[in-house]
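1. need coordinates for the following:
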Amino acid sequence: MKIGVRLPIEGAKVSPENITTVARLAEELGYYSVWGPDHVVLPEKMESYYPYDNNQWPYPTEVKILDPLLALVWAAAVAPSVKLGTSVLIGPLRNPVLLAKQVSSLDFLSGGRVILGLGVGWMKEEFDIIGESFSNRGKRTDEMVELMRQFWTGETVDFQGEFYQVSACKMHPPSIQQPIPILWGGYSEAALKHVARMGDGWAPTKRTFEQLATGIRKIKEYCLEYGRDPNSIIIVARPGPIYQINADTLTRYQELGIRHVIIDPPLTGPDLTACQAEMKHVAELCGLEPRK
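-> Prediction:
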């Protein structure tokens with residue numbers, strides 16, 4: 001089982017030192033990956049439907065949230081073996097050319113360790129503040145993925161889409177990975193179709209085992225519909241507070257064919273003691289091999 005851990009780049013424990021501590025411990029314990037969430041800006045008044053935690057957005061506008069790609073650069077320097085993932089980055093808030101450059105630069109600097117988790121977002125107010133359309137975000141994200149994958153090759157790009165047009169240009173250096181794996185977040189029908197049609201994997205957050213099973217079944221059905229091999233899709237589960245990682249849940253993951261799990265260790269108390277203890281417990285439970 002591949003185990004990942006969410007870095008403290010959101011909330012009260014955000015600091016350069018804490019990111020370094022968690023990333024280094026992940027490296028030492030044999031974790032496969034480290035992950036960062038994403039929000040750019042938060043409105044003081046919000047009416048958007050929040051799809052998690054009983055639909056109650058839990059954070060004030062003053063909550064610290066770092067840019068995940070920059071935070072992963074910081075983590076990459078002290079954890080030279082772990083994969084670097086976003087869970088998930090809100091793609092359509094950004095310009096695809098600039099995002100392609102940022103992601104390929106991270107992949108280049110880290111020696112090919114990026115896993116790009118993408119989502120289309122749910123907070124309309126955030127889109128309004130940045131000046132991007134909320135209504136067409138799904139279609140724009142499809143185009144963004146196609147365009148970024150072309151840029152990452154280092155070859156000449158000529159792209160004429162509905163939303164983005166690029167002619168006769170190149171982006172260098174190309175990404176180390178060809179291509180950088182893209183996992184889709186979310187669990188709506190649209191998100192599952194995104195996964196099956198053009199994703200390398202599915203990375204949902206806070207889903208029950210029943211919801212995971214349903215999503216996996218639908219992705220397999222859509223893959224066959226789109227002419228793709230269902231076994232090529234990577235499933236990365238991030239349960240959050242829905243349930244604990246233990247022997248029973250690991251067995252259920254195996255039964256569902258899930259081989260990569262992200263934990264959200266507790267970030268309570270005056271320091272990282274609880275977080276470190278949970279990371280060590282999960283590492284022992286999952287039989288991770290410490291790195292020397």
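2. from Lys45, how far out is the residue nearest the centre of the chain?
-> Centroid check for the chain by C-alpha atoms, centre = their mean gives Ser87 as the closest residue, at 2.4 Å. Using C-beta to C-beta, to the nearest Å, one gets 27 Å for the distance from Ser87 to Lys45. Quick note: C-beta positions are derived from backbone N, CA and C, even for glycine.
3. again with His39
-> Applying C-beta to C-beta to His39 and Lys45 gives a distance of 16 Å.
4. which one of the two has more residues nearby?
-> Neighbour count, other C-beta atoms under 10 Å: between His39 and Lys45, His39 has more, with 17 against 6.
5. secondary structure class for the more buried one?
-> The three-state label given to His39 by DSSP: H, G, I helix; E, B strand; the rest coil is coil.
6. so the residue in the chain sticking out farthest from the centre, which state does it fall into?
-> Residue farthest from the centre of the chain, counting by C-alpha atoms, centre = their mean, is Ala168 at 30.7 Å. Under the three-state scheme (three-state DSSP), Ala168 adopts strand.
7. what's in contact with whichever helix in the chain runs longest?
-> Longest helix in the chain by number of residues, with DSSP state H as the criterion: helix 209-226. Helix 209-226 is contacted by residues 187, 189, 192-193, 195-197, 202, 204, 207, 229-230, 232-233, 235, 237, 243, 249, 252, 256-258 when judged by C-beta atoms under 8 Å, 6 or more residues apart in numbering.
8. could you identify the buried members of those residues?
-> Buried members of these, scored by 16 or more other C-beta atoms under 10 Å, are 187, 192-193, 195-197, 202, 204, 207, 233, 235, 237, 249, 256, 258.
9. would you map the strands across the stretch 51-200 of the chain?
-> Secondary structure of the stretch 51-200 of the chain (DSSP state E, counting those that start in this stretch): strands at 83-86, 89-90, 114-119, 157-160, 165-169, 182-184.
10. list the buried residues of stretch 263-281.
-> By neighbour count with 16+ other C-beta under 10 Å, stretch 263-281 contains the buried residues Ile263, Asp264, Pro265, Leu267, Leu272, Cys275, Glu278, Met279.
11. any chance of a markdown table for these, columns distance to Lys124 and secondary structure?
-> Shown next, in a markdown table, are the buried residues of stretch 263-281 (distance: C-beta to C-beta, whole Å; DSSP: H, G, I helix; E, B strand; the rest coil):
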| residue | distance to Lys124 | secondary structure |
| --- | --- | --- |
| Ile263 | 30 | strand |
| Asp264 | 26 | coil |
| Pro265 | 31 | coil |
| Leu267 | 28 | coil |
| Leu272 | 35 | coil |
| Cys275 | 33 | helix |
| Glu278 | 34 | helix |
| Met279 | 36 | helix |
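12. now the helices for the stretch 101-250 of the chain?
-> Secondary structure of the stretch 101-250 of the chain, counting by DSSP state H, counting those that start in this stretch: helices at 124-130, 137-152, 189-198, 209-226, 247-256.
13. pull out the buried positions in the longest one.
-> Within helix 209-226, the residues scored as buried using 16+ other C-beta under 10 Å are Phe209, Leu212, Ala213, Gly215, Ile216, Lys218, Ile219, Lys220, Tyr222, Cys223.
14. look up how far Pro241 lies from the fifth one.
-> Note on Ile216: its distance to Pro241, by C-beta to C-beta, is 22 Å.
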